[in-house]
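A.B. asks: sequence and predicted structure are below.
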Amino acid sequence: MRYLDKISDPADLQQFSERELTLLAGEIREAILACVSEVGGHLAASLGTVELTVALHSVLQSPRDKIVWDVGHQCYAHKLLTGRRDSFGTIRQYGGLSGFPSRRESPHDVVGTGHASTSISYGLGLVEAAKLARGGAGNVVCVLGDGALTGGVAFEAMNQAGHLRTPLVVIINDNQMSIRANVGAMQLYLNRIRLDPTLTRLREDIERGVARIPAIGPQAYRLGKDVKESMKALLVPGMLFEELGFAYIGVVDGHDMHALRESVRQALDTRRPVVVHVKTVKGKGYEPAEARPDAYHGTGPFHLGNGARKAAAVGTTFTEAFGQALVRLAETDSRIVAVTAAMTQGTGLEEFERRFPERFYDVGIAEEHAAVFAAGLAIGGMRPVVAIYSTFLQRAFDMLVQDIGLQRLPVIFAIDRAGLVGDDGPTHHGAFDLSFLRAIPNFTIMAPSSQDELQRMLRTAFDIEGPVAIRYPRGMAAPFVTAAALEPLAVGEARVLEEGRDVALIGIGTGVGIVREAAALLQEQGELPTVVDARFVKPLDSALLERLAATHQRLVTVEENALAGGFGSAVLEQVGSSVPVVRFGLPDAFVSHGDRALLLRDLGLTAAAVAAAAALRPASLARVN
Ligand SMILES: Cc1ncc(C[n+]2csc(CCOP(=O)(O)OP(=O)(O)O)c2C)c(N)n1
């Protein structure tokens with residue numbers, strides 16, 4: 001029997017010796033690999049934190065003690081140790097376990113996460129709440145990566161924690177990687193600490209009050225505390241954290257069970273804010289993932305033997321279509337600058353970075369900064385393109401309003417992963433961008449139905465002297481429309497795909513594929529709907545909408561955005577009560593994780609449902625909003 005099979009609750013770890021805990025870590029690694037190679041998932045981060053997770057759960061008493069996982073993508077070992085071993089194989093699948101901590105799933109998942117850099121804020125709130133409630137609330141340990149430490153909110157929380165002197169343990173899981181190699185001055189600082197063991201020894205020497213600094217010798221010690229403090233500031237690892245009011249413990253080998261357990265105990269004993277700097281290897285224990293942790297950050301199913309992906313993608317994704325077009329445009333316009341917040345690969349900017357390194361910026365996990373930085377670039381005469389996932393753009397909402405919309409700056413947002421993303425679930429679905437962008441004056445908002453359309457929209461964006469958003473989904477670009485690539489579009493003009501009668505089906509983005517299919521179903525029943533690709537959410541093609549309203553008995557809109565405030569709402573606002581409008585889109589609820597097609601089916605976002613709602617024979621109406 002495996003050690004893992006003896007654990008149904010973290011308390012069961014108490015029965016094991018440190019040697020057994022280390023063996024258990026090996027079993028957990030195997031279980032993660034067996035599962036993720038079958039169903040895909042966040043592999044490398046979870047492999048890197050196995051010993052850390054075992055160490056934490058063996059020292060702490062969860063859920064009385066609370067572990068807050070930043071981002072949460074490294075939580076697989078935690079799930080295996082907290083009563084979810086038998087359902088682990090369902091992770092990220094429709095109806096199965098979430099790929100992230102989820103409050104609905106387990107009392108051990110103290111917070112539900114998915115977005116980075118929030119753990120210290122949560123942790124601080126938890127400890128302060130316990131103080132206020134005067135309950136014996138246990139210890140709180142936040143685990144965040146060096147990548148997450150590039151996010152400003154982490155520093156906002158440290159600033160407050162240091163000030164309050166709140167007893168809170170912050171474990172920095174330093175693997176030198178964000179999704180790819182981490183960037184920024186903070187990473188250089190962490191590297192300096194972790195790469196130079198003499199610094200750690202120096203720290204110990206100075207802490208003991210022994211002046212053994214070679215060039216200065218014993219005299220310095222006699223000069224007293226001030227000199228000692230300034231020497232510390234220059235040389236001592238972790239001084240930056242100490243200046244912020246945190247004690248510093250490190251650097252700890254994140255794969256050494258004994259060292260980890262000792263340092264966690266020591267940290268808990270300090271009863272003040274404390275940083276434990278742990279050095280781990282992302283992808284630890286699986287050679288392909290150690291060699292290419294970026295490729296195995298999030299992976300589809302793969303062959304365990306050699307790490308090769310089981311299903312290679314065929315065709316061009318929207319992401320690739322965007323990246324290619326941006327490179328083409330940048331060849332002839334030296335003002336074009338690309339900005340990403342730690343998502344170079346995910347947003348298709350690798351080729352741009354290779355071709356134009358001086359015009360490429362990875363700002364780290366800092367979406368708010370990315371937006372304002374781009375605003376500065378635009379004021380300075382550049383044409384910045386911020387390539388960003390819809391869900392992460394949510395962080396920068398105030399910047400979109402204040403720093404870009406209000407200033408009417410020509411910043412282009414290339415918004416990837418708009419709509420449902422599938423396996424990652426509600427923390428990652430891009431459900432709201434049309435709603436929150438549409439409310440901001442001066443923005444032009446487009447959504448392509450195909451890769452050609454995306455490329456033409458990007459070209460169009462550079463002709464617009466104000467902010468632009470282009471939103472497109474994860475996955476393959478529908479190949480059904482071919483237009484002359486990179487020809488600009490007429491701003492605010494929709495495209496009538498089929499002139500029909502009675503019912504007008506109006507799609508935006510992925511909605512266009514659905515209305516085309518729905519039209520085909522209706523045609524089989526002898527109906528002749530009008531079919532429109534709206535292309536623009538703002539400005540709307542108001543002339544066309546007025547004409548359709550006057551000549552049709554019903555308008556049907558289809559979008560992959562929240563119905564509240566989305567494209568269909570815009571159409572309703574335009575046509576008022578002059579014609580019934582049936583809207584299809586995402587509900588006023590957080591959509592779960594799982595296969596995108598299954599989720600769309602559950603939500604009634606299918607061609608069959610649209611056709612049923614569009615059919616004029618009342619009996620076949622599926623739903624009318
Ligand atoms: C606000 C936000 N922006 C971007 C992401 C995408 N993302 C997920 S994990 C990750 C890298 C995190 O690096 P780190 O914190 O060092 O953890 P590691 O994966 O190295 O363990 C990024 C950029 C996110 N989850 N949240």
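C.D. replies: Sure, I can see it. Residues are numbered from 1 along each chain as shown.
A.B. asks: residue 477: neighbouring residues, count only.
C.D. replies: By other Cβ atoms under 10 Å, 24 other residues sit near residue 477. The way it works is simple: take the backbone N, C-alpha and C, and place the C-beta from them, glycine included.
A.B. asks: so what's the residue count around the closest residue to it other than its chain neighbours?
C.D. replies: Leaving out its chain neighbours, the residue that sits closest to residue 477 by Cβ to Cβ, 6 or more residues apart in numbering is residue 451, at 3.3 Å. Using other Cβ under 10 Å, residue 451 is surrounded by 26 other residues.
A.B. asks: before we move on, which element is the residue of the stretch 251-400 of the chain found nearest the ligand in?
C.D. replies: Proximity of the stretch 251-400 of the chain to the ligand (Cβ to the nearest ligand atom) peaks at residue 342, 3.7 Å away. Using DSSP states H and E, residue 342 maps to neither a helix nor a strand.
A.B. asks: ok so, going back, got a pLDDT number for the residue nearest to residue 477?
C.D. replies: Per-residue pLDDT puts residue 451 at 90.
A.B. asks: if I look at it, how far off is residue 322?
C.D. replies: Separation of residue 451 from residue 322 (Cβ to Cβ, to the nearest Å) stands at 8 Å.
A.B. asks: also residue 60?
C.D. replies: Between residue 60 and residue 322 the distance is 44 Å, computed by Cβ to Cβ.
A.B. asks: do residue 125 as well
C.D. replies: Distance, residue 125 to residue 322, using Cβ to Cβ: 38 Å.
A.B. asks: between these two, which has more neighbouring residues?
C.D. replies: More crowded of residue 125 and residue 322, by other Cβ under 10 Å: residue 322, with 28 against 16.
A.B. asks: does the more buried one touch residue 413 like I think?
C.D. replies: No: contact criterion Cβ atoms under 8 Å: residue 322 and residue 413 do not qualify, at 11.5 Å.
A.B. asks: can you pull the residues of the stretch 1-150 of the chain lying near the ligand?
C.D. replies: Contact residues, the stretch 1-150 of the chain versus the ligand (Cβ under 6 Å from any ligand atom): 45, 71, 73, 74, 115, 116, 144, 145, 146, 147, 148.
A.B. asks: would you map the strands across the stretch 1-150 of the chain?
C.D. replies: For the stretch 1-150 of the chain, the strands defined by DSSP state E, counting those that start in this stretch occupy 66-69, 140-145.
A.B. asks: can you put the ones you listed in TSV and add mean neighbour count and mean pLDDT?
C.D. replies: Output for the strands of the stretch 1-150 of the chain, formatted as TSV (neighbours: other Cβ atoms under 10 Å; pLDDT from 0 to 100):
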stretch	mean neighbour count	mean pLDDT
strand 66-69	26	98
strand 140-145	27	98
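A.B. asks: neighbours around residue 250, how many?
C.D. replies: 21.
A.B. asks: tell me if it really is in a strand.
C.D. replies: Yes: under DSSP: H, G, I helix; E, B strand; the rest coil, residue 250 sits within a strand.
A.B. asks: burial count for the closest residue to it other than its chain neighbours?
C.D. replies: Nearest non-adjacent residue to residue 250, counting by Cβ to Cβ, 6+ apart: residue 277, 2.9 Å away. When neighbours are counted by other Cβ under 10 Å, residue 277 registers 24.
A.B. asks: the longest helix in this protein is where?
C.D. replies: Using DSSP state H to define each element, the chain has its longest helix at helix 18-39.
A.B. asks: any idea of the mean pLDDT in it?
C.D. replies: 98.
A.B. asks: doesn't the residue nearest to residue 250 belong to a helix?
C.D. replies: No: Residue 277 is assigned strand when assessed by three-state DSSP, not a helix.
A.B. asks: ok, it to residue 17 distance?
C.D. replies: Taking Cβ to Cβ, one finds residue 277 at 26 Å from residue 17.
A.B. asks: thinking again about what came up before, nearest to residue 313 among the residues of the stretch 1-150 of the chain next to the ligand?
C.D. replies: residue 73 (21.2 Å; Cβ to Cβ).
A.B. asks: just checking, next helix/strand downstream of whatever helix or strand residue 598 lives in?
C.D. replies: Assigned by DSSP H and E, residue 598 belongs to helix 596-602. Using DSSP H and E, the helix or strand that follows helix 596-602 in sequence is helix 607-614.
A.B. asks: tell me what that following helix is packed against?
C.D. replies: strand 502-507, helix 510-524, strand 552-562, strand 581-586 (3 or more Cβ pairs under 8 Å, 6 or more residues apart in numbering; DSSP states H and E).
A.B. asks: between the first one and helix 510-524, how big is the angle?
C.D. replies: Same thing as strand 502-507. 150 degrees (axes from the mean of the first three to the mean of the last three Cα atoms, to 10 degrees).
A.B. asks: I'd like the average pLDDT over strand 502-507.
C.D. replies: 97.
A.B. asks: same check, this time on the second one
C.D. replies: Taken as a whole, helix 510-524 has an average pLDDT of 97.
A.B. asks: what of the last one?
C.D. replies: What strand 581-586 shows for mean pLDDT is 98.
A.B. asks: from the contact counts, what lies against it?
C.D. replies: Against strand 581-586 (3+ Cβ pairs under 8 Å, 6+ apart) you get strand 552-562, helix 567-575, helix 607-614.
A.B. asks: report the inter-axis angle for that strand versus strand 502-507.
C.D. replies: Using the same axes, to 10 degrees: strand 581-586 against strand 502-507 is 30 degrees.
A.B. asks: could you find the closest non-adjacent residue to residue 311?
C.D. replies: Spatial nearest neighbour of residue 311, chain neighbours left out: residue 300 (6.4 Å); criterion: Cβ to Cβ, 6+ apart.
A.B. asks: gap between that neighbour and residue 308?
C.D. replies: Residue 300 is 11 Å from residue 308, by Cβ to Cβ.
A.B. asks: closest point of the stretch 501-625 of the chain to the ligand, which residue?
C.D. replies: Closest to the ligand within the stretch 501-625 of the chain is residue 593: 14.6 Å, counting by Cβ to the nearest ligand atom.
A.B. asks: can you report how many residues lie near the residue nearest to that residue when sequence neighbours are not counted?
C.D. replies: Computed as Cβ to Cβ, 6+ apart, the closest residue to residue 593 that is not its neighbour in sequence is residue 425, at 2.8 Å. When neighbours are defined as other Cβ under 10 Å, residue 425 has 22 of them.
A.B. asks: isn't residue 425 right next to residue 595, touching?
C.D. replies: No: Residue 425 is beyond contact range of residue 595, at 11.4 Å (criterion: Cβ under 8 Å).
A.B. asks: this protein against the ligand: which residues are in contact?
C.D. replies: Contact residues, the chain versus the ligand (Cβ under 6 Å from any ligand atom): 45, 71, 73-74, 115-116, 144-148, 173, 175, 177-179, 282, 341-342, 365, 367, 392, 395.
A.B. asks: worst-scoring helix or strand of this protein, pLDDT-wise?
C.D. replies: helix 218-222 (a mean of 47; mean pLDDT, DSSP states H and E).
A.B. asks: can you give me the helices in the stretch 1-150 of the chain?
C.D. replies: 18-39, 44-48, 50-59, 76-81, 119-133 (DSSP state H, counting those that start in this stretch).
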